[in-house]
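Chemist: sharing a model that was predicted from the sequence below.
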Amino acid sequence: MTTDYETSVQAYDQLGDLAYLNRVPNRITPLKLWEIEHCYKCPVVGMCLPLADQKQFLKRAGYSFKDKTPFEIHELIVASLEDENRLSRKVENFLSRNFGKEAFSLLQLSQEDFILRWKSAFASGDYLGILYAAAIHPRLSKEAKKEIFGEIHMTMHWSGTQVMKLRREMERRARRLEDMRTELKDAAKLRRALQKENAHLEKDRKELAASLGSAEKNLVRQEEQIAGRADRRELSRIEGENARLREEVAMWEETCRKQQLRIDSLMSKNEAFASEVERLSQANLRLVGENRDKMVQLANMKRCDESCPSFDLCKKRILIVGGITKMESRYRDIIENNGGVFDYHDGYMRSGSKSLEVRLKRADIVLCPINCNSHAACSVVKNLGKKHRKPVHMLANSSLTAVSKAISDMNT
């Protein structure tokens with residue numbers, strides 16, 4: 001006899017998504033992605049949703065992602081999860097199909113068992129399914145969710161450190177590879193020079209051998225002439241010429257011997273350089289392979305990291321409304337040098353406050369100088385801050401000193 005739970009699992013296997021949970025009485029109803037806590041939206045999108053699928057969702061939802069960086073694409077997806085819309089529904093359906101079955105069984109666990117299962121999955125590195133389950137779980141305590149997010153967050157910091165180490169190692173390997181390429185070119189150049197010199201020496205050797213052969217033929221011919229002559233004086237002259245020719249032959253033989261020794265020495269050096277060229281080529285291939293592996297490892301680690309502005313444990317996104325527009329770059333330097341993420345709105349709302357509201361919703365802290373904004377603009381900023389529960393700091397003026405003091409007060 002099957003239990004209610006087994007019947008639920010069997011029915012879920014037939015449906016294939018979390019929608020079945022809404023039809024089973026006394027079962028936990030998972031949250032939709034636009035209902036989960038804000039801090040989980042960034043890691044769920046960054047880790048559970050591949051970049052290629054993010055681009056496809058933007059394309060199908062009518063968004064243009066041309067010339068956008070991976071971080072800007074990620075930011076668009078995360079921003080869409082603030083409410084239910086065409087793009088957020090596509091992301092919801094995708095994650096339900098990929099992780100819904102695993103999440104269905106995890107949602108039935110007690111909080112204690114859920115945390116134990118999380119620790120085991122996190123230690124093994126296979127934790128995407130339970131991360132998704134934690135995000136959509138409506139009954140996990142704030143402490144449990146904070147513990148899970150904290151471990152994910154610190155993993156992002158560790159990944160960022162590893163990325164920097166890998167980049168430094170790749171730069172070192174790239175410099176070494178360039179040095180080896182230079183050595184390889186120099187060795188190849190020297191080898192070509194030796195081959196050219198070797199060819200010249202071989203040509204000289206052949207010319208000497210031909211001269212030696214010609215001298216030997218002259219010697220034989222003169223000996224034949226001596227044998228047919230009775231004149232002793234002519235014989236003496238021929239013998240003297242013969243002796244001279246023999247000396248010349250000996251000299252040519254000595255020259256040939258030295259040239260042969262030079263050729264043998266150059267051949268040995270040529271073989272040594274050929275071996276060195278082969279060794280450098282093999283080392284070059286190994287370095288290329290290692291660099292390829294490092295690039296793959298680096299690409300796998302490019303997930304959402306400490307640049308994420310979605311949680312109070314990460315860098316805070318500071319929005320400045322108004323101020324002196326020409327000083328925007330100075331405002332940016334102050335905030336980014338203090339570890340923040342800078343955003344700016346000039347305070348003009350001729351086309352309405354929609355643009356300002358979008359920027360304020362994704363900000364962590366809002367700075368509004370009252371001396372460079374109209375009374376109406378200041379009121380809109382305050383009302384939007386209350387509406388979206390964002391801390392708004394009204395500054396007495398828009399000077400760099402006022403902005404620096406506000407940032408300093410946040411860090412204390």
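Modeler: Received, thanks. Residues are numbered from 1 along each chain as shown.
Chemist: let me see the confidence value for residue 112.
Modeler: On pLDDT, residue 112 comes in at 91.
Chemist: repeat that for residue 252.
Modeler: Residue 252 is given a pLDDT of 86.
Chemist: okay, now residue 209: neighbour count?
Modeler: The number of residues packed near residue 209 is 13, by other CB atoms under 10 Å. Quick note: C-beta positions are derived from backbone N, CA and C, even for glycine.
Chemist: packing partners for the strand or helix carrying it?
Modeler: Residue 209 is part of helix 142-227 when elements are defined by DSSP states H and E. Of the remaining helices and strands, those touching helix 142-227 by 3 or more CB pairs under 8 Å, 6 or more residues apart in numbering; DSSP states H and E are helix 38-48, helix 111-124, helix 128-136, helix 232-300.
Chemist: neighbours of the nearest residue to residue 260 once chain neighbours are set aside, how many?
Modeler: Computed as CB to CB, 6 or more residues apart in numbering, the closest residue to residue 260 that is not its neighbour in sequence is residue 205, at 7.0 Å. The burial count assigned to residue 205 is 16, neighbours taken as other CB under 10 Å.
Chemist: my guess is residue 205 meets residue 261, correct?
Modeler: No. Counting by CB atoms under 8 Å, residue 205 stays clear of residue 261, with 11.2 Å between them.
Chemist: residue 383: neighbour count?
Modeler: 13.
Chemist: that one and residue 352, how far apart?
Modeler: Shown here: residue 383 relative to residue 352, a distance of 14 Å by CB to CB, to the nearest Å.
Chemist: ok, residue 391 next?
Modeler: Residue 391 is 24 Å from residue 352, by CB to CB.
Chemist: who's more crowded, these two?
Modeler: Applying other CB under 10 Å to residue 391 and residue 352 shows that residue 391 carries more neighbours, namely 12 against 9.
Chemist: phi first, then psi, for that one.
Modeler: Note on residue 391: its backbone torsions stand at phi -70, psi 120 [degrees, to the nearest 10].
Chemist: now residue 348
Modeler: Taking degrees, to the nearest 10 as the convention, residue 348 sits at phi -80, psi 130.
Chemist: check contacts around it.
Modeler: Shown in contact with residue 348 (CB atoms under 8 Å, 6 or more residues apart in numbering): residue 377.
Chemist: same question, residue 358
Modeler: Counting by CB under 8 Å, 6+ apart, the residues that residue 358 touches are residue 79.
Chemist: where does this structure have low pLDDT?
Modeler: 1-27, 158-168, 226-231, 280, 283-284, 286-314, 411-412 (pLDDT under 70).
Chemist: would you map the strands across the stretch 301-412 of the chain?
Modeler: 317-321, 341-345, 365-369, 392-395 (DSSP state E, counting those that start in this stretch).
Chemist: looking at those strands, which is closest to residue 409?
Modeler: strand 392-395 (8.5 Å; CB to CB).
Chemist: can you point out the buried residues in the closest one?
Modeler: Within strand 392-395, the residues that count as buried by 16 or more other CB atoms under 10 Å are 392, 393, 395.
Chemist: format the CA atom coordinates belonging to stretch 246-261 as CSV.
Modeler: The C-alpha atoms that make up stretch 246-261 are tabulated as CSV, following Å, rounded to 0.1, in the frame of the first residue of the first chain:
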residue,chain,number,x,y,z
ARG,A,246,103.3,15.7,-54.8
GLU,A,247,103.8,18.5,-52.3
GLU,A,248,100.8,20.3,-53.7
VAL,A,249,98.8,17.1,-53.5
ALA,A,250,99.9,16.7,-49.8
MET,A,251,98.9,20.3,-49.2
TRP,A,252,95.5,19.7,-50.7
GLU,A,253,95.0,16.5,-48.8
GLU,A,254,95.8,18.3,-45.5
THR,A,255,93.4,21.1,-46.5
CYS,A,256,90.7,18.5,-47.3
ARG,A,257,91.3,16.8,-43.9
LYS,A,258,90.9,20.1,-42.0
GLN,A,259,87.8,20.9,-44.0
GLN,A,260,86.4,17.5,-43.2
LEU,A,261,87.1,18.0,-39.5
